[in-house]
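Visitor: Give me coordinates for this.
(2 chains)
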Amino acid sequence: MIRAVGDWLDSRTGYRDLMHEVLFESVPGGARWRYVWGSTLVFTFFLQVVTGIFLWTAYSPSTQTAWESVYYIQHEMFLGDLVRGMHHFAAQVMVVLLAIHLIQVIYDGAYRAPREVNFWVGMVLAQIVLGLALTGYLLPWDQKGYYATQVSTKIAGATPLIGPAIQELAQGGPVYGHHTLTRFFAMHAGILPALMVVFITIHIYVFRRHGLTVADYDHAPDTTFWPDQVLKDAVACLGVLAVILLLAIFKGAELSAPANPAEAYAAARPEWYFLFLFRFLKFELVEHFGIAFGAIYVPGAIMLVLLAMPIIAAIFGGAGHRFNVAFLAVLSLAIVGLTGLALVEDATNRDHQAAIAEAHRDAERVVELAQGTSKIPVAGAATLLQADPFTQGPRLFAQHCASCHRYHGHDGRGRIVMTTNEAGESEVALPTAADLGNFASRDWMRAVLVDYTDHFLPIEFSNRYKASVAGEDDRDYINPQESEMANWSGDHESLVSEENAENLKALIEFLVAEANHPHQTVDAALVEQGRAVALDGAWNGMLEGTSCIDCHDTLGEPFEENPDGSGSGYPDLAAYGSAEWLLSFINNPGTDQHYGEKNQMPAFADKMSASERQMLIDWMIGNHELTDVHDYPSSQPQVQAAIESAVSADAER
Amino acid sequence: MDQDTERPEPSPRRSFLAAFISVVVGAVPIVIGSLFFLAPLWRKKSDATGDAEGFVDTGLRLEALPEDGTPMLITVTQDRVNAWNLYPDSPVGSVWIRNVAGTPLAFSSICPHLGCAVEFRSAIHDFFCPCHNSTFDLEGTRLNQIPPRNLDTLPTKLVDGMIWIKYERFRAGIPEKVEV
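Guide: Numbering: from 1, shown residues only, chains lettered A, B, ... in the order given. Below is the predicted model of the structure:
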């Protein structure tokens, strides 16, 4: 029955001859592993077509939906992470296989007559693969793809004469927008794959015409493509598939934060196989000749030499071939060297590592917000991060606060603040104000109470303070060593003694309760005990009868800003550390209600917008949706070491 | 290819292995992709919101309906999940609603025949679908054989005098009322 259908089909189509032609290609010298590379490339392309079409069923190319649909594929859809991961890593595997294939073709002399044309067809295929990689990189519309592709289109725009037109056509306008995505998508999923199919067909057809390039005809008895070489090819493809699956499952495709043209992406790097070009363009000498030289003329010249290889070998014979191989070897070494250089430089560049940490933090946070109950706003996921104190707070802190304050030792964004010393060396900058990483927490309150001098010590490093101590500035600033509070706090014995241990703990609890940070839970009974300590001086021993309100007379009351900024002569600690108190303080810490004459901090009412100040405060007091995203690691030890060495240097003087 | 005939037949074991591995490497991406594509068949994600039972407030008091039982067309709005977006308070469908002796009676305006919207003909006092002439009386009972079943009623309840409704969709063109 099957036989009869087969006969009928064959009589109408002649498929058996075709199959015979395809499968029983002669393999002189026997099947060999070295012949598998072309097949693995075809297989990887097949895999890209299959996974690409399925991704297509869920992808939505527009600036408000591209990242969102990819997020949905990656985090919500069944097997979405696997399908996307396979597509993502197969693209990279394809570049590797392409390089192996090219090196082998040149090394074995398979580009020489009569196979010149097929070599050129192969070079066209290589360009198409790179084009697919480049266009695909933008489609998720994440920060990484957005900024990397910006560089690519800018390079295209630097092409003499036609550059600006090419750039505008690729982008679908003067800047990136919806049409950049629709155009890139049409290239990536339509035009380039169609060209790929056409050129692969030509490539294989011409390859069959000339047959394999056999290095050793006596390696083994002659055989045919089926089944011996097919078996080796299939096993190689299985290996390729295994690598892709392992990467997709255990590494997973990255999705950074949604593209935001207003938010610079310091971690921007091209995909690893373009790193060599990236590093090449960073050489000052290359830069000197202009972007078109480094990014267009030099790669163009290299491409021309590659394309001319069959001609070079035809004119100069064996010497030409040796030149070609040598050229390839030097090129490969340069690429490997530059890639390695770029990787090592990035790995040891503290700023770049901090930028990567920030990129990961944003990427994790936006997914966390997108998975919340209100999902992603129609305006796009980028707005989630723009409105998120956990994301924006650190940036505002780094911009406005970190020149004096630190946040767990860093600038809020995980970077250690550096300065250049007199010898021209880079060193850790000394803070000149308190570290706000634990602002108004129990640790903070305890430090203010029992460790006042150390807690506010950085103030001593400020230039104004030094000038004041030297008598060059007639104002007295807050003195961490000598002040009523410093003296009270320094009066340790009773404060930290066993008799007041419980009272101190209660007072801290009371102060934390007054700060009233969201997500902060307190022990109500302890708070009441603390209130008695703070307001009635319910201490034991020496401290008995000394209450906080002796000086800070509004403590325990709701915070109210005095319209005229007047004060009692002591800092107003009503609702100390709360959102209301903080806003008033940040607006103008120099009023008499706060630090008055002793203040060094600028008033921020005019330096930051109202929403920025609110965002900063919300972050500082934790007024945002809770997060499982790891915050930046503490840089406290480095800063502490710098402070200690500065203090000991001072002492020596 | 003439010398093919001189070669020994390819080993069956090798042929089988070659074919088997080829099929496996080809099938893996196709199977994974197909499961990804077919998942909506078994991973039902409801887009409905509302209270615990799925009822939403229509914003309409029972007294606002004509006492004589004349139907009124209202638009039901509720939060709608659309893949990664949530559209708050968006229109999900329109409903014919009547006051039948102090109880709300609600019909989906979607014709059970092929899904056009049914109209109320005030002159004739019936529901009429302009697409294929399905007609129903005011109880929703079909008056000709064009629709396969009566108009689909929707569950309602009264909460403090306000009409709450559970908006559901049903498959068209079949005699049974099957929720989609």
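Visitor: so what's residue 161 up against?
Guide: You didn't pick a chain, so chain A it is. Residue A:161 makes no contacts at all, as judged by C-beta atoms under 8 Å, 6 or more residues apart in numbering or on different chains. From N, CA and C alone the C-beta is placed, and that goes for glycine too.
Visitor: that's the other chain; I wanted chain B
Guide: Per C-beta under 8 Å, 6+ apart, neighbours of residue B:161: B:61, B:62, B:63.
Visitor: Quickly find the element holding residue A:278.
Guide: Using DSSP states H and E, the element containing residue A:278 is helix A:275-282.
Visitor: Flag every residue of chain B that's near chain A.
Guide: B:1, B:3-4, B:7, B:10-11, B:14-15, B:17-19, B:21-22, B:24-26, B:28-30, B:32-37, B:39, B:43, B:81, B:83-87 (C-beta under 8 Å from any C-beta of the partner chain).
Visitor: that older thread, let's have the contacts of residue B:161 in JSON lines, adding secondary structure.
Guide: Formatted as JSON lines, these follow (DSSP: H, G, I helix; E, B strand; the rest coil):
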{"residue": "B:61", "secondary structure": "strand"}
{"residue": "B:62", "secondary structure": "helix"}
{"residue": "B:63", "secondary structure": "helix"}
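Visitor: Now restrict the residues you listed to buried residues only.
Guide: When burial is judged by neighbour count using 16 or more other C-beta atoms under 10 Å in any protein chain shown, the buried members of the contacts of residue B:161 are residue B:62.
Visitor: Type out the PyMOL command that picks the buried ones from the residues of chain B next to chain A.
Guide: Typed into PyMOL, the line below selects the buried ones among those, using 16+ other C-beta under 10 Å:
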select buried, chain B and resi 10+15+17+18+21+22+25+26+28+29+32+33+36+37+83+84+85+86+87
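Visitor: Okay, and which of the residues of chain B next to chain A map to helices?
Guide: In helices, defined here by DSSP state H, the members of these are B:14-15, B:17-19, B:21-22, B:24-26, B:28-30, B:32-37.
Visitor: What is the top strand by length along chain B packed up against?
Guide: Criterion DSSP state E: the longest strand present in chain B is strand B:85-100. Using 3 or more C-beta pairs under 8 Å, 6 or more residues apart in numbering or on different chains; DSSP states H and E, the elements in contact with strand B:85-100 are strand B:56-61, strand B:72-82, strand B:103-108, strand B:162-165.
Visitor: ok, then the element right after the third one?
Guide: So that's strand B:103-108. With elements assigned by DSSP H and E, the helix or strand that comes after strand B:103-108 is strand B:119-121.
Visitor: What mean pLDDT does the next helix or strand after that next one get?
Guide: Downstream of strand B:119-121, the first helix or strand assigned by DSSP H and E is strand B:126-128. The average of the pLDDT scores along strand B:126-128 is 94.
Visitor: Buried residues, strand B:126-128. List them.
Guide: For strand B:126-128, using 16+ other C-beta under 10 Å, the buried residues are residue B:127.
Visitor: what's in contact with that strand?
Guide: Identification of contacts with strand B:126-128 by C-beta under 8 Å, 6+ apart yields B:71, B:96, B:107, B:118-121, B:134-138, B:140, B:143, B:151.
Visitor: which one of these sits closest to residue A:585?
Guide: Checking the contacts of strand B:126-128 against residue A:585 by C-beta to C-beta gives residue B:96 as the nearest, at 60.9 Å.
Visitor: from what I can see that closest one touches residue B:71, true?
Guide: Yes - counting by C-beta atoms under 8 Å, residue B:96 touches residue B:71, with 4.5 Å between them.
Visitor: joint contacts of these two?
Guide: Taking C-beta under 8 Å, 6+ apart as the contact rule, residue B:96 and residue B:71 both touch B:107, B:120, B:127.
Visitor: Which residue ranges of the stretch 351-500 of chain A form strands?
Guide: Here the stretch 351-500 of chain A has its strands, by DSSP state E, counting those that start in this stretch, at A:418-420, A:426-428.
Visitor: closest to residue A:210 out of those strands?
Guide: Nearest to residue A:210, of all the strands of the stretch 351-500 of chain A, is strand A:426-428, at 60.4 Å by C-beta to C-beta.
Visitor: helices and strands around that closest one, which ones?
Guide: Using 3+ C-beta pairs under 8 Å, 6+ apart, strand A:426-428 is in contact with strand A:418-420, helix A:636-652.
Visitor: Just send these back as CSV, with mean pLDDT, mean neighbour count and distance to residue A:157 too.
Guide: Converted to CSV, the helices and strands packed on strand A:426-428 look like this (pLDDT from 0 to 100; neighbours: other C-beta atoms under 10 Å in any protein chain shown; distance: least, C-beta to C-beta, whole Å):
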stretch, mean pLDDT, mean neighbour count, distance to residue A:157
strand A:418-420, 92, 11, 35
helix A:636-652, 90, 13, 42
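Visitor: Including distance to residue A:127, could these go into CSV?
Guide: CSV is the format used below for the helices and strands packed on strand A:426-428 (distance: least, C-beta to C-beta, whole Å):
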stretch, distance to residue A:127
strand A:418-420, 43
helix A:636-652, 48
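Visitor: Put the alpha carbons of the helix or strand of chain A with the lowest mean pLDDT into PDB.
Guide: Lowest on mean pLDDT, DSSP states H and E among the helices and strands of chain A sits helix A:492-495, with a mean of 79. The C-alpha trace of helix A:492-495 is given here as PDB (Å, rounded to 0.1, in the frame of the first residue of the first chain):
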ATOM      1  CA  HIS A 492      28.400  56.700  78.600                       C
ATOM      2  CA  GLU A 493      28.700  55.000  81.900                       C
ATOM      3  CA  SER A 494      25.100  55.200  83.000                       C
ATOM      4  CA  LEU A 495      23.700  55.200  79.500                       C
END
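Visitor: Can you list the buried residues in the next helix-or-strand element following it?
Guide: Sequence order places helix A:501-515 as the next helix or strand after helix A:492-495, per DSSP H and E. For helix A:501-515, burial by neighbour count (16+ other C-beta under 10 Å) applies to A:503-515.
Visitor: quick check: angle from the top helix by length along chain A to helix A:275-282?
Guide: For chain A, the helix with the greatest residue count under DSSP H is helix A:298-348. Our comparison of helix A:298-348 with helix A:275-282, counting by axes from the mean of the first three to the mean of the last three C-alpha atoms, to 10 degrees, yields an angle of 100 degrees.
Visitor: about what we covered before: which helices and strands does the least confident helix or strand of chain A pack with?
Guide: Counting by 3+ C-beta pairs under 8 Å, 6+ apart, the packing neighbours recorded for helix A:492-495 are helix A:442-450.
Visitor: Tell me how far the helix it packs on lies from the chain's centre.
Guide: Averaging C-alpha positions (C-alpha atoms, centre = their mean, to the nearest Å) puts helix A:442-450 36 Å from its chain's average.
Visitor: picking up where we left off before, in CSV: the helices and strands packed on strand A:426-428, plus distance to chain B.
Guide: Formatted as CSV, the helices and strands packed on strand A:426-428 follow (distance: least, C-beta to the nearest C-beta, whole Å):
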stretch, distance to chain B
strand A:418-420, 41
helix A:636-652, 39
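Visitor: out of the ones you listed, which comes closest to residue A:195?
Guide: Closest approach to residue A:195 among the helices and strands packed on strand A:426-428 (C-beta to C-beta): strand A:418-420, 49.8 Å.
Visitor: re the thing from before, which one of the buried residues of helix A:501-515 is nearest to chain B?
Guide: residue A:515 (34.0 Å; C-beta to the nearest C-beta).
Visitor: which stretches of chain B have low pLDDT?
Guide: Along chain B, the parts satisfying pLDDT under 70 run over B:1-8, B:45-48.
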